[in-house]
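Student: here you go, sequence then predicted model.
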Amino acid sequence: MSKEFRRLAVPEPLRDTARALGFPLLGAVEAGESEFFPEFQAWLEAGKCAGMAYLREHADARRQPESVLPGVRSILMLGMPFGELEKLAEREYPGHPIRHCLARQTPENTASEPPKNTAFVAQYAASGLDYHDIIRRQLKTLQKTFREFFPNQTSRGIVDTAPFFEREFAVRAGLGFLGRNRMLIHPDFGSLFFLAAILTTETLPETAEPPSTPLLTREEQLEFRRRCETCGQCLRACPTGALSETGLDARLCASYLTIEDRSSEGSSTPIPSPYLLGCDECQRHCPWNQPFPPRTLFRLDAFPLTADTLRRTPFSRPGPEKLEARAAELGK
């Protein structure tokens, strides 16, 4: 970020509520125009968004948070570690049928290839449940507390479905730094956490105080980014060459190919990855994510899957036919 952005004060009781809801990371920053937008435009024009047409259709809305909430003045950025979401999912959906399809890689078996008749699943999906549903509910509770402090404002909670650059504003708010793998990284949580935001029409006061732990100062962000620049393990670990010095090319990315892509359905060209859904290789090799948690496995003998099993899970995004075709490919 070339420009200095005003970081804003958050009432400490609100921060306490956020922690209790599973958000150890909470920072606030003034709303303002995106600095990342020109780079995003160039990425779209180069075709690197692959078949994600929705990114092109709503591109211009990402210039300003005003597109998401008219009159927005302040933005609260929040981070929930994957483990926190798993706890919430286990407590609230203990009997969901997707759980019968999932298992954990044991500490004794941490090979790069999954055991027979299983495939890896990206860590964000380890709970088996759709993180949007769970995080939105937590945000609504936090918004209720926020209204107790600021009753005359309007707010909107979002979890990566609005035209808004979550990572850019999370960096501004001190939640981490942007790594070479394009992930937001925090020294305590690595990149294994979800981002959410609350946009509000309230003008929160500026603070000159150092950010509350575990938020990062701008100096810390620059130092951690310098360390990241000298590493490059994520680039070398990418199994498809999607990550390079120039950024991410979704056309090659295993996460895109196993979740979003529809053009390759029925293709005879295999995806060089042991993942049924997503890909964690750039994160798994990142020093900030060490030790990496036990990986999640999906039982390939669980197919075919019913609509009830996939409902309100990350696996509903690719859909049953794409998943089954991918499972057949991995089971060969």
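Tutor: That came in fine, so what should we check first?

Student: and the nearest residue to Ala103 once chain neighbours are set aside, how close does it get to Ile135?
Tutor: Sequence neighbours aside, Leu297 is the residue nearest to Ala103 in space, at 4.6 Å (criterion: CB to CB, 6 or more residues apart in numbering). C-betas here are computed from N, CA, C, even on glycine. To Ile135, Leu297 is 24 Å away according to CB to CB, to the nearest Å.

Student: counting neighbours, go ahead and name the busier of the two.
Tutor: Neighbour comparison, Leu297 and Ile135: the larger count goes to Ile135, with 25 against 22 (by other CB atoms under 10 Å).

Student: list the contacts of the more buried one.
Tutor: Ile135 makes contacts with Met80, Leu85, Val159, Phe194, Ala196, as judged by CB atoms under 8 Å, 6 or more residues apart in numbering.

Student: closest to Phe23 out of those residues?
Tutor: Closest approach between the contacts of Ile135 and Phe23, by CB to CB: Met80, at 5.3 Å.

Student: just checking, the closest one touches Phe189?
Tutor: No. At 9.5 Å, Met80 and Phe189 do not qualify as touching, with contact defined as CB atoms under 8 Å.

Student: quick one: which of these two has more around it?
Tutor: Met80 (25 against 22).

Student: just list the residues touching that one, thanks.
Tutor: Applying CB under 8 Å, 6+ apart to Met80 gives the contacts Gly22, Phe23, Pro24, Leu25, Ile135, Gln138, Phe193, Phe194, Ala196.

Student: the fifth one in helix, strand or coil?
Tutor: Spelled out, that is Ile135. helix (DSSP: H, G, I helix; E, B strand; the rest coil).

Student: where exactly do the helices run in the stretch 101-250 of the chain?
Tutor: 131-149, 166-173, 218-229, 233-237 (DSSP state H, counting those that start in this stretch).

Student: most tightly surrounded among these?
Tutor: helix 166-173 (a mean of 24; mean count of other CB atoms under 10 Å).

Student: what's the pLDDT at Pro94?
Tutor: For Pro94, the pLDDT comes out at 88.

Student: and for it, the neighbour number?
Tutor: Applying other CB under 10 Å, we find 8 other residues in the vicinity of Pro94.

Student: residue contacts, the closest residue to Gly278 other than its chain neighbours?
Tutor: Sequence neighbours aside, Ala122 is the residue nearest to Gly278 in space, at 2.7 Å (criterion: CB to CB, 6+ apart). Contacts for Ala122 were tallied using CB under 8 Å, 6+ apart; they are Ser255, Tyr275, Leu277, Gly278, Cys279, Asp280, Thr296.

Student: over to Leu21?
Tutor: Neighbours of Leu21 in contact, by CB under 8 Å, 6+ apart: Gln138, Thr141, Leu142.

Student: apply 10 Å and report the result again.
Tutor: Taking CB atoms under 10 Å, 6 or more residues apart in numbering, we find Leu21 in contact with Leu78, Met80, Glu84, Leu88, Ile135, Arg137, Gln138, Leu139, Thr141, Leu142, Thr145.
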